[in-house]
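*Asks:* sequence first, then the predicted structure:
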Amino acid sequence: YTIQYKTSLVTSWITRTTTSTSINITALSCNTGYIYSVAATCSSGMSTAATGTFTTGACTAVCGPLPTRYFNADIGDIGIAGTSCLNNGIYTIQGSGNDVSGVADEFQYAFTNLSGDEQVVAQVLTQDSTDPSNKAGLMFRDSISNTSRFAFIGTTSQNGIVFVYRSAPGVAATLVPLSGPAVPYWLSLHKSGTTYSAFISSSGAQNSWVQVGSGVDLGFGSAGANVGMAVTSHNNALLSTATFGHFNITSGGLTINPIVFTGADINNQYNLLNWTVSTGDTSVYFNVQKSPDSVVFSTFTRVNAAGNNQIQQSYSAQDDNPQFGLNYYRLQLVGTSGAFIYSKIISVNFGDHDNPLVFPNPASSYFVATGGQQIIKELDIIDALGRIVQRIENSNGASAMTIEAEGLAAGLYVIRIVTSSQVYRLKLIKK
């Protein structure tokens, strides 16, 4: 039998083969949904693959979750599951993997996705010595594939700093070493179009930055790129830990720091939105936008920034005229030059919290199902011909289930939700 599996965030599959009717898969990330397929090899050839999903158990918290718009994933066939978390401005990232190098990579990635020209900077505060060539640093990446094009600047525990990049998918990466520097050390990557440049500094001061190698055109990034922090142990049997501070991204003069954005129905009278931006944020004001369908947004109020980006700032806005049911919100963060970015879209259910919900609807790459007053026990995706396309059990008892939908064909589906006492059928449109 051939078994393939991956998380919904990652594009590359991990493959296992077995002659048994069962297999034990290790090194899975906690509280993560996985997609899998199983096919049998027979004398007549390979059978049709059976597909399904499962979700691993809850995480044992090391620190808090990553901010809104940020994700983490193990890339490649890692030996030990990695983690990424945030506490008081310090990111703690653990990753195994053989390396960020060669023709394929294995590491833990904490990242977001942005478009335009950006500069990312951070200080690697600590790095363990599990392996002399373990790596902790900053990365732009074309896709979440283990063979993707990328640019990486990072520290090692004993072999100085390295600038590594891959100019085409699946080809051997190029490594530019710089011996001497060790943590704590400042790193920065600049993206201009499809050209990437790496810089280092011992202090982070404005005139202290030194370029590593020359800018390289890697052929990706004009339509957006993944950007964030990466850690590999350089030894797939070990887990390496690094901490990062002062992480921020600047885009078109706007410093993009992590933002926490939440909303709530207040006594069925109005929706209250709250958000917090980290130190260093250079937003001048925030356009607060809403949408009835998560597609078309309009600004309903503007909130001016406090003007002191040396401390963490919190803001709020009130929607006095929400529609009954689901309301979608996002923030437009606007800088001095007029450059702007958007926050992640959030939803607030106004007026009725008893029945299950499916959103966004129409859905594109994913949708979320909530059980209302009762926890979802099982969820079926049923196509227009009445066939069950996918069945998912909520084994962890989560109050909300995020379902990967990229593999669904466009069209109308029925989402069958089973709770402890009811069965609900909701319509979902896949774009």
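*Replies:* Yep, it's here.
*Asks:* can you give me how far the host helix or strand of T126 is from the chain middle?
*Replies:* For T126, the host element (DSSP states H and E) is strand 118-127. Centroid displacement of strand 118-127 relative to its chain, using CA atoms, centre = their mean, to the nearest Å, is 18 Å.
*Asks:* and stretch 83-96, by the same measure?
*Replies:* 13 Å.
*Asks:* thinking again about what came up before, buried set for the strand holding T126?
*Replies:* Buried positions in strand 118-127, judged by neighbour count with 16 or more other CB atoms under 10 Å: E118, Q119, V120, V121, A122, Q123, V124, L125, Q127. Backbone N, C-alpha and C define where each C-beta goes, glycine included.
*Asks:* farthest pair within those?
*Replies:* The span of the buried residues of strand 118-127, defined through CB to CB, is set by E118 and Q127 at 24.3 Å.
*Asks:* and S337, what pLDDT?
*Replies:* S337 carries a pLDDT score of 68 in this model.
*Asks:* residue nearest the centroid of the protein?
*Replies:* Geometric centre of the chain, nearest residue: F71, 2.0 Å, by CA atoms, centre = their mean.
*Asks:* got the phi/psi numbers for that one?
*Replies:* In terms of degrees, to the nearest 10, the main-chain angles of F71 are phi -130, psi 160.
*Asks:* re the thing from before, so what secondary structure elements neighbour the strand holding T126?
*Replies:* strand 135-141, strand 150-156, strand 185-192, strand 225-232, strand 240-251 (3 or more CB pairs under 8 Å, 6 or more residues apart in numbering; DSSP states H and E).
*Asks:* one more time with 10 Å, if that's ok
*Replies:* For strand 118-127, the contact count by 3 or more CB pairs under 10 Å, 6 or more residues apart in numbering; DSSP states H and E identifies strand 90-95, strand 135-141, strand 150-156, strand 185-192, strand 195-201, strand 225-232, strand 240-251, strand 254-256 as packing neighbours.
*Asks:* skip the chain neighbours and tell me the closest residue to A136.
*Replies:* Excluding its sequence neighbours, the residue lying closest to A136 (CB to CB, 6 or more residues apart in numbering) is A242, at 3.4 Å.
*Asks:* in contact with V162, which residues?
*Replies:* For V162, the contact set (CB atoms under 10 Å, 6 or more residues apart in numbering) comprises 100-101, 133, 135, 137, 152-156, 175-179, 198, 212-213.
*Asks:* go with 6 Å
*Replies:* Residues near V162 by CB atoms under 6 Å, 6 or more residues apart in numbering: G154, L175, P177.
*Asks:* what's the distance between the helix or strand containing the second one and the middle of its chain?
*Replies:* Using DSSP H and E, the element containing L175 is strand 174-178. Relative to the mean C-alpha coordinate of its chain, strand 174-178 is positioned 27 Å out (CA atoms, centre = their mean).
*Asks:* between it and strand 150-156, how many degrees?
*Replies:* Interaxial angle, strand 174-178 versus strand 150-156 (axes from the mean of the first three to the mean of the last three CA atoms, to 10 degrees): 30 degrees.
*Asks:* so strand 174-178 versus strand 195-201, what angle?
*Replies:* Using the same axes, to 10 degrees: strand 174-178 against strand 195-201 is 20 degrees.
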